[in-house]
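Visitor: with the sequence up front, the predicted model follows.
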Amino acid sequence: MRLVDDFRNSDLAKGLIGSIRRSSTKHVRLMEFCGGHTVAIMRHGIRQLLPSTIEMLSGPGCPVCVTDNADLDKAIALARLPEVTLTTFGDMLKVRGSRSSLQQARAEGADVRIVYSTLDALQIARQNPSRKVVFLGVGFETTAPTVAASILQAEKEGLQNYYVLSMHKLCPPVIKAILDSGEVRVSGLICPGHVSAVVGSGSWDFIARDYGIPCVVSGFEPVDILQTVHMLVGQLEKGESRVEIAYRRGVSAEGNKRALEIMYQVFEPCPARWRGVGAVPGSGLGLRDAYRRFDAEAAFEFDPGPTVEPKGCICGEILRAIKTPRECSLFRSVCTPANPVGPCMVSSEGSCAAYYLYGAADD
Ligand code: SF4
């Protein structure tokens, strides 16, 4: 029996659903921040199992989706430089910027390579000393420590041709920005499991304390998510707001101190632009002065051109949880996973892709 089987056990799931149904009397709106949770909720049909008192909202926790078009344009312009080899995770390839995508740039001759980790990117740099190898740093606190570690490794080896274009984002500041905007009413927050494994559940204390919103850190299996909903409903019914962990096998209050140390040794918080949300202070990660020589943005001259948003695409509103994919006039008709218009249809963690693949039961 695999560990994961316990978290897909139908008897446990039925017990939790019954308990949620019995205890939920108030109308509440629960937001899952993480795209991984959005996909799991859709795939397992969890919305259909919950009572009508519980409304589920999807937040901006998909790193590919929240990468702003201006940043995508930078990556594409960098990839088109003749001396550059751009390395990236596969999800980024099909996402369109203002005029093109990395996939299109590659078809037109740019040296764009898919890697599975920064170890691959470092190896490409070692094996191709005449090329300038740039790693496209897209991701949250889960990814940034590994990218920081690659920079430390490159420094240790004296690699002169390795660079990072840092588009990393930090999650707590953007949640604060969304709550401060007052655009969306959230009763309870399903906190991201993997991000919390790094930053610690204590990073969400300010939400429970300052906004009176209960927070529960969740895993990604159906029983994890139902347990999380059960715990949130329990707090909401009693009028409480605190941070709890329903994902104890992965998350502690303190997080992964070593990963955070490495991340903050190399990077420091800086402003970042989020698709749909705009500029959020302290929500990005820029290279510290001591590691500036690895900064692709500083090392190369390139012109990303003016930023243009995809016409008719409402990814921004979906990422702010004020609209759902079905409210997009292009959903399923023009925009599909085979022909994506916006990033939320490209990414495996995007809401539009999740609704497309698993949303039939919702219709
Ligand atoms: Fe954008 Fe496509 Fe989603 Fe519409 S369905 S919001 S066009 S990604």
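Guide: Perfect, thanks for sending it. Nothing here was measured: the structure is a model prediction, and the numbers come from that model. Numbering: from 1, shown residues only.
Visitor: for G200, give me phi and psi.
Guide: Main-chain torsions, G200, degrees, to the nearest 10: phi 90, psi 150.
Visitor: that one: neighbour count?
Guide: Using other CB atoms under 10 Å, G200 has 22 neighbouring residues. Every C-beta, even on glycine, is put in place using the N, C-alpha and C of the backbone.
Visitor: spit out the contact partners of the closest residue to it other than its chain neighbours.
Guide: Nearest residue to G200, sequence neighbours excluded (CB to CB, 6 or more residues apart in numbering): G255, at 2.9 Å. Neighbouring residues of G255 by CB atoms under 8 Å, 6 or more residues apart in numbering: S196, A197, V198, V199, G200, S201, G202, S203.
Visitor: can you do 6 Å?
Guide: The contact partners of G255, taken as CB atoms under 6 Å, 6 or more residues apart in numbering, are V198, V199, G200.
Visitor: would you confirm that C270 contacts G284?
Guide: Yes. Contact criterion CB atoms under 6 Å: C270 and G284 qualify, at 4.7 Å.
Visitor: next, the buried residues of the longest strand belonging to the chain.
Guide: Longest strand of the chain, by residue count under DSSP state E: strand 278-287. Going by neighbour count (16 or more other CB atoms under 10 Å), the buried part of strand 278-287 is V280, G282, S283, G284, L285, G286, L287.
Visitor: following element in sequence after that strand, please.
Guide: Next helix or strand after strand 278-287 toward the C-terminus (DSSP states H and E): helix 296-299.
Visitor: state the distance from the residue of the stretch 1-150 of the chain found nearest the ligand to S347.
Guide: Here the stretch 1-150 of the chain gets closest to the ligand at one residue, C65, 8.4 Å apart by CB to the nearest ligand atom. Distance, C65 to S347, by CB to CB, to the nearest Å: 5 Å.
Visitor: sorry, back to before: among the buried residues of strand 278-287, which two are most distant?
Guide: Farthest-apart pair in the buried residues of strand 278-287 is V280 and L287; separation 18.8 Å (CB to CB).
Visitor: how much space between the nearest residue to R96 once chain neighbours are set aside and the ligand?
Guide: Distances taken as CB to CB, 6+ apart place P310 nearest to R96, at 6.5 Å, with adjacent residues excluded. Applying CB to the nearest ligand atom, to the nearest Å, the value for P310 to the ligand is 6 Å.
Visitor: cool, and S203?
Guide: Taken as CB to the nearest ligand atom, the span from S203 to the ligand is 29 Å.
Visitor: where does that residue fall, helix, sheet strand or coil?
Guide: Following DSSP: H, G, I helix; E, B strand; the rest coil, S203 is assigned to helix.
Visitor: for burial, what's the neighbour tally of it?
Guide: By other CB under 10 Å, neighbour count at S203 equals 23.
Visitor: with A290 instead?
Guide: So A290, with other CB under 10 Å, has 10 neighbours.
Visitor: could you do R242 as well?
Guide: Around R242 there are 12 residues (other CB under 10 Å).
Visitor: for this structure, which helix extends over the most residues?
Guide: Longest helix in the chain, counting residues (DSSP state H): helix 222-238.
Visitor: I'd like the next helix or strand past it.
Guide: Past helix 222-238, the next helix or strand by DSSP H and E is strand 243-245.
Visitor: neighbouring strands - and their directions - for that following strand?
Guide: In the sheet, strand 243-245 lines up against strand 215-217 (parallel) (DSSP bridges).
Visitor: what are the contacting residues of the partner strand?
Guide: Under CB under 6 Å, 6+ apart, the answer for strand 215-217 is 189, 191, 196, 201, 204, 207-208, 228, 231-232, 243-247, 251.
Visitor: strands along the stretch 51-200 of the chain, start to end?
Guide: 54-61, 84-88, 111-114, 132-137, 162-166, 188-191 (DSSP state E, counting those that start in this stretch).
Visitor: got those strands as TSV, with mean neighbour count columns?
Guide: Output for the strands of the stretch 51-200 of the chain, formatted as TSV (neighbours: other CB atoms under 10 Å):
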stretch	mean neighbour count
strand 54-61	23
strand 84-88	23
strand 111-114	18
strand 132-137	26
strand 162-166	26
strand 188-191	28
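Visitor: got TSV for the ones you listed, with distance to V95 and mean pLDDT too?
Guide: What follows is these, written out as TSV (distance: least, CB to CB, whole Å; pLDDT from 0 to 100):
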stretch	distance to V95	mean pLDDT
strand 54-61	15	95
strand 84-88	10	98
strand 111-114	12	98
strand 132-137	11	98
strand 162-166	14	98
strand 188-191	25	98
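Visitor: who in this structure is up against the ligand?
Guide: By CB under 6 Å from any ligand atom, the residues of the chain that approach the ligand are 313-315, 318, 325, 328, 330-331, 335, 341-342, 344-345, 352.
Visitor: now, which of those sits nearest E157?
Guide: C344 (38.3 Å).
Visitor: where does the closest one land on pLDDT?
Guide: For C344, the pLDDT comes out at 96.
Visitor: what about it, which SS state?
Guide: helix.
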